[in-house]
Structure formats: C-alpha cells, structure tokens
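**Q** Got a sequence here, can you build the structure:
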Amino acid sequence: MRKKVLVTGGGGLVGSSIERLAPNHEYDFVFTTRKDGDLCVERDVKNIFLKYQPDYVIHTAAKVGGIGGNLAAQADFFYQNLLMNAYVIHHAAVSGVEKFFAFTSVCVFPDGKEMEENNMHAGPPFQDNFAYAHAKRMVDVQIRAYKDQYKAKNYCSIIPGNIFGENDLFNLESGHVIPSLIHKLYKAKHDNEVFNIWGDGSAIREFLYVDDISRIILELLGREDIPERLLVSGEKQHSIKDIVETLCEVSNFEGEVSYDVSKPKGQAARKSNLNLLRSIFPHFEFTNIKDSLRKTYEWFEESYPNVRQ
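**A** Numbers count the residues shown, from 1 in each chain. Okay, here's the model as predicted:
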C-alpha cells in the first residue's frame, strides 16, 4: 500500500515545489493550505489529521519574512510559528505519524558560531530576528521531547539555508532577500526606475534553490536512518552584490543600481558545515546559482502580478 504524505503549506514556496516534483515519487500526496484550516487553531489541526490520516508529514507552513518583516512584527512571528509548530508536531505524534520533517531556519544558529547541527542551541541567535529564531528552535526541542515520550523515532528538524525560487513571497518590504530583489528589479526595469538595494551589498549568504531542498526531502522519505537534525544549505557563498549583478544579467537590466547604506545589511557571513548532508547524499548536485536565478526571475516576470506578495 502506498504511503500517504501530508504537506502543510502546500501553496507556499517549498510546498508548491514538492508538488511539482511529487509525480516522480510513489506516494499519495495531500497538500494543505489555509483553506483546509488555520494551523494556529488546534481544533483545525486535529481535524486535518483526522481527515487525511497521513503516514508521513512534511511541515513547511510558517509565517516568514526578511529583516524588515521580522523587525516590524517580532511578536507575531514568535506567536504564530510557535502555535502552528506545537499543534502540528503534537497531532502528528499522537496520531501515529511514522516520519515527520519540520522546516526550521538557519537563523536558529548563534551569532559567531559555525552553522552545524549540534550548534543550534549554543548561544543566542542574531538580534534582528531573535523571536522567529527562538520559535524555530522550539521545533527541535519539541521533536526531542516527543521522541522520548511518544517514541517518534523518525522525526527530523530540517534546517534550510536561504531558500528561493518560484512561488516565493515577493513582498517588497518584508520578503526575504532574493524575492524582494527580484520584485524591485522587475519594477525598476518596467517603470524605468533606480534599482535600490538595502545595505552595501557586502553581506554574504549561501542561497539554496527550492527544488534542491525538495529533492532532498523526497529522497529522505524513503530512508529509515533519518537524522534528528539536518542542515541543508547551498555549498557556495555569494555576496548580495554578486546576486544583484547576476539578476541584472539574466533579466537584461541596464538601468541604475543604488545601494542604501542607511538600511540594515543583515547578519555577518557564516559558513555551513554540510558534512552530515554529504554523508547521506555524497553525490547530490545543487542547481547553479545563475540558472536558478534565471528560472525564478523568468517565472516572476511571466506570473506578475499574480504572485504572492
């Protein structure tokens, strides 16, 4: 009998990517969205599990945003993520879900520490998104607690890098860096405006194309030796200026680019330790950054204005 996989956040960045790739895998997938219920309401979460009775769960739903969004609504980011994660993990465990993958964030790692699975709780997170980071850390705490009490063996905290791709949240003020840049670039190109960038462009990040992490999750569904935590990030580092220049190239933008140094540039660069990921997937090939930026920009241009903002 085919296993049933419940994917929360089915209309979001990762959920929609998994749905694109799902036909290549022998599972019965159910993709839930807000139409199925509010994950911050326990009754709704309980009803979702009663209705679909999944064998496996991929929990991608979250309240997300970039620096601007986090600074403007720390309490909302903490409260909503804490509630939905607590309810989804609880009802997965009590209903006997065999495998569970919950998405956290690299912002869980302490400032100044190497990004490595065992460093998740080794100090306070970056101040600008501390509330969101602590809410995401609680995913790991809850999974460890439920493993002990409910014998939830194959429950895993996925720690994704800076994910981007088709169907991202392209909010100009509160979105993550690449979707915000793509939206700004599109407007600058089509309205003959200056392409304005927050910060000086020196911030370094490891970006991850969404289909790459989706492929990894789908492969993990078939494994029995699932780690308690798994960091999944891009292997190469890129400055924001590098990303801006590549976006200008793939979009054929020839207008003016301006860096606003009065705006925050974000957390200092840190390198991901992907030894655990490579021990599980030694031959996995990440999508080239230029190709993934081109795909994402072309999708945005074709889909606009019907994009998530």
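**Q** Setting aside sequence-adjacent positions, which residue approaches Lys63 most closely?
**A** Gln80 (4.4 Å; CB to CB, 6 or more residues apart in numbering). To be clear about C-beta, it is placed using only N, CA and C from the backbone, and glycine gets the same treatment.
**Q** what number of residues lie near the one you found?
**A** Gln80: 18 surrounding residues under other CB atoms under 10 Å.
**Q** Would you confirm that it contacts Cys40?
**A** Yes: when contacts are counted by CB atoms under 8 Å, Gln80 is listed as touching Cys40 (5.6 Å).
**Q** tally of neighbours for the residue nearest to Val257 when sequence neighbours are not counted?
**A** Closest residue to Val257 apart from its sequence neighbours, by CB to CB, 6+ apart: Phe195 at 4.7 Å. Neighbours of Phe195 under the rule other CB under 10 Å: 21.
**Q** And Phe195, how far from Ile182?
**A** Here Phe195 is placed at a distance of 11 Å from Ile182 (CB to CB, to the nearest Å).
**Q** And for His238?
**A** Noted for His238: a distance of 15 Å to Ile182, by CB to CB.
**Q** out of these two, which sits in the busier spot?
**A** Higher neighbour count among His238 and Ile182: Ile182, with 25 against 19, using other CB under 10 Å.
**Q** so the more buried one, which of the three states?
**A** Secondary structure, DSSP: H, G, I helix; E, B strand; the rest coil: Ile182 is helix.
**Q** That one reaches Phe300, doesn't it?
**A** Yes: here Ile182 lies in contact with Phe300, judged by CB under 8 Å, at a distance of 5.3 Å.
**Q** what residues are shared contacts of the two?
**A** Residues touching both Ile182 and Phe300 (CB atoms under 8 Å, 6 or more residues apart in numbering): Phe170.
**Q** In terms of helices and strands, where is the residue nearest to Lys63?
**A** Per DSSP states H and E, Gln80 falls inside helix 74-94.
**Q** Give the buried residues for that helix.
**A** Residues of helix 74-94 classed as buried: 74, 77-78, 80-93 (neighbour count, 16 or more other CB atoms under 10 Å).
**Q** Equivalent analysis for stretch 241-258, please.
**A** Across stretch 241-258, burial judged by 16+ other CB under 10 Å covers Lys241, Asp242, Ile243, Val244, Thr246, Leu247, Cys248, Val250, Ser251, Phe253, Val257.
**Q** Among the residues you listed, find me the one that's closest to Asp211.
**A** Nearest to Asp211 out of the buried residues of stretch 241-258 is Val250 (CB to CB; 16.9 Å).
**Q** So Phe101 lies in a helix, does it not?
**A** No: residue state for Phe101 (three-state DSSP) corresponds to strand; a helix is not indicated.
**Q** Can you give me the pLDDT of it?
**A** At Phe101, the model reports a pLDDT of 98.
**Q** that's a helix at Val57, yeah?
**A** No: under the criterion used here (three-state DSSP), Val57 is strand, not part of a helix.
**Q** residues contacting it?
**A** Neighbours of Val57 in contact, by CB under 8 Å, 6+ apart: Val5, Leu6, Val7, Thr8, Val88, Ala92, Val97, Lys99, Phe100, Phe101.
**Q** Could you rerun that using 7 Å?
**A** Shown in contact with Val57 (CB atoms under 7 Å, 6 or more residues apart in numbering): Leu6, Ala92, Val97, Phe100.
**Q** separation between it and Asp212?
**A** From Val57 to Asp212 the distance is 21 Å (CB to CB).
**Q** same question, Ser251
**A** 22 Å.
**Q** Val141 too?
**A** 27 Å.
**Q** Looking at those two, which has the bigger crowd around it?
**A** Higher neighbour count among Val141 and Asp212: Asp212, with 21 against 13, using other CB under 10 Å.
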